[in-house]
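Participant: Dropping the sequence and predicted coords here.
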Amino acid sequence: MDSKPNYGLYGLGTMGAALALNIAEKGYDLAVCNRTASVVDEFHASSGDLATRIVPTHDLAAFVSAMAAPRNIVLMVPAGDAVDKTMEQLRPFLDADDLIIDAGNANFGDTNRRGDAAQAAGEMFLGIGVSGGEEGARHGPSIMGGGNRVAWNRVSDMLEAIAADYEGTPCAACMGEGGSGHYVKMVHNGIEYADMQMIAEVYGIMRDGLAMTPLEISKVFSQWNEGRLQSYLIEISASVAEATDPETGKAMLDIITDSAGQKGTGRWTAIEALMRASPVTAIDAAVAARNLSSRRDERKAGEELFGAAPQAIDRGAVALEALEAALLAGKIACYAQGFAMLSTASDDYGWSLPLPDIAKVWRAGCIIRSSLLDDMAQALDDDAHRNLMFAPSFAQMMKDSHKGLRKVVAQAALAGHAAPALSAALSYFDAMRTARGTANMIQAQRDFFGAHGFERLDREGQGFHGPWGTG
Ligand code: 6PG
């Protein structure tokens, strides 16, 4: 290395270490540092040929002085207080146009706050959502940036170089100002939760309803991965279903506790969607299902009290083709909800989110990557703010597949299989194609007990009241 690098990465956990190696591999020299200094040496020693591009440092002063100004510092520390603390500790060492890039899973509200504070202090700050797990971080994640455009332009070459590549297009884009990048990443994770939950529901129907073995289920997922459902999550579901525990010889799926963890990004999506009045019912259901999954003792007590819920389902009632169609229809409805939420947030926060570009950066690298995303990008290019289910190509897919979803949800209900995300997706689809809904009853009730007033179908104006005596 002839001169000091302009890049640095702080936080050499799993994701940070993978990202640092990715940056070095793409030809960018960088300084690295970590709260525990010994981790830096272990990381450097294990970085092989890339070690010559990496300057190991053991404290923040050495880290910053190992870089040449203007510095671009990627933070990969746990979201929350650790980001604020690290930024505070770095600040005394930084020059005016040094840039801090928070690449963790920050809450977009925190990123807004940090961006505003940086702007007020004349500092540069970007919040970028990085998806793809360790493998993605190492070899090409999907990158959703947000913040100051000047700052983005300064590092966009590097970010595009390390990002996943979709047929020659890098999966990295600036989504807009402030916390917009982390917002998009949050919605990505909400969709991830729903996608995973719907797959789990279909797995449950195959396991408990159709009495299929993990290996049989794996084969079905592999087969579906060749068709319209082709996606990373279906692919890994096939892999996990076929894996065997080396200690017991049992299928891995049969020894894993049925209680899902979560770090909170799905919950953030559900809460934020409620605040935006943008229905994301499949995501809500997926978050609630994870919460419910962790109540194992209560579920056991329920089974003892009422008897086990899931009963066998006749193959004639639910064929594998219906399950495949259910997943497709459920997935489209869920993405329609996610993109509608992004569209609403774009207006509410004045971000002008590039919806087609969001679908494009999700085409490779990220956890929800799938072949459908390229079609979604095209549909959003045609009309970014139309409900995705109404775009001609997706409308056709919904027409073809919603009967499968309906059959699966109906049979699941009859045979006692909980399928909350699939059911939510179906109800959303049905509600969105019902011109005459039932909220007239709610309006009448509101007027009855609170004189809230209603609109009439047969007259212009608002604030009409009923003859019930209180209006
Ligand atoms: C990604 C993922 C990642 C997320 C994990 C775990 O895009 O790479 O979304 O950011 O942190 O999937 O999330 P949960 O612990 O909440 O399931």
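Facilitator: That came in fine, so what should we check first?

Participant: contacts and neighbour counts: CA atoms only from here.
Facilitator: Fine.

Participant: Around residue 463, count how many other residues there are.
Facilitator: 12 (other Cα atoms under 10 Å).

Participant: phi, psi of the spatially closest residue to it that is not a sequence neighbour?
Facilitator: For residue 463, ignoring the flanking residues on the chain, the nearest one in space by Cα to Cα, 6 or more residues apart in numbering is residue 453 at 4.3 Å. The phi/psi pair for residue 453 (degrees, to the nearest 10) reads phi 80, psi 160.

Participant: tell me which element residue 122 falls in.
Facilitator: Using DSSP states H and E, residue 122 falls within no helix or strand.

Participant: where does the closest residue to it other than its chain neighbours land in three-state SS?
Facilitator: Leaving aside its sequence neighbours, residue 122 sits nearest to residue 96 (Cα to Cα, 6+ apart; 7.0 Å). In terms of secondary structure, residue 96 is coil; the call rests on DSSP: H, G, I helix; E, B strand; the rest coil.

Participant: cool, residue 301 as well?
Facilitator: Quick answer, by three-state DSSP: residue 301 is helix.

Participant: Next, count neighbours for it.
Facilitator: That count, for residue 301 with other Cα under 10 Å as the rule, works out to 11.

Participant: Buried ones in the longest strand along the chain, by neighbour count?
Facilitator: Longest strand in the chain, counting residues (DSSP state E): strand 124-131. Neighbour counts using 16 or more other Cα atoms under 10 Å place 124-131 of strand 124-131 among the buried residues.

Participant: same check, this time on stretch 141-161
Facilitator: 141-149, 151-152, 155-156, 159-161.

Participant: list the contacts for the residue nearest to residue 463?
Facilitator: Contacts for residue 453 (Cα atoms under 8 Å, 6 or more residues apart in numbering) come out as 443, 446-447, 462-465, 471.

Participant: Select from these the one having the most neighbours.
Facilitator: Result: residue 447 is most packed of the contacts of residue 453 (other Cα under 10 Å), 21 neighbours.

Participant: check which helix or strand covers that residue.
Facilitator: helix 439-450.

Participant: Could you show which parts of the stretch 151-300 of the chain are in contact with the ligand?
Facilitator: 189, 261-265 (Cα under 6 Å from any ligand atom).

Participant: State the pair within those that is farthest apart.
Facilitator: Of all pairs drawn from those, the greatest distance, 13.6 Å, lies between 189 and 261 (Cα to Cα).

Participant: Compare those two and say which is more crowded by neighbours.
Facilitator: Ranked by neighbour count (other Cα under 10 Å), residue 189 and residue 261 place residue 189 first, with 25 against 10.

Participant: average pLDDT across the helix or strand harbouring that one?
Facilitator: For residue 189, the host element (DSSP H and E) is helix 180-204. For helix 180-204, mean pLDDT rounds to 98.

Participant: Can you list the helices and strands that the helix or strand following that helix packs against?
Facilitator: Next in sequence after helix 180-204, counting helices and strands by DSSP H and E, comes helix 214-224. With contacts taken as 3 or more Cα pairs under 8 Å, 6 or more residues apart in numbering; DSSP states H and E, helix 214-224 sits against helix 232-242.

Participant: residues of the helix it packs on that come out buried?
Facilitator: Quick answer for helix 232-242 (16+ other Cα under 10 Å): 232-235, 237-238, 240-242.

Participant: re the thing from before, and the helix holding residue 447, what's buried?
Facilitator: Under 16+ other Cα under 10 Å, the buried positions of helix 439-450 are 443-444, 447-448.

Participant: from those, which is closest to the ligand?
Facilitator: Ranked by distance to the ligand (Cα to the nearest ligand atom), the buried residues of helix 439-450 are led by residue 443 at 37.6 Å.

Participant: For that closest one, which non-adjacent residue is spatially closest?
Facilitator: residue 454 (6.0 Å).

Participant: and the gap between that neighbour and residue 223?
Facilitator: 52 Å (Cα to Cα, to the nearest Å).

Participant: Measure how buried the nearest residue to residue 107 once chain neighbours are set aside is and give me the count.
Facilitator: Closest residue in space to residue 107, ignoring its immediate chain neighbours: residue 182 at 6.6 Å, by Cα to Cα, 6+ apart. Using other Cα under 10 Å as the criterion, residue 182 is surrounded by 32 other residues.
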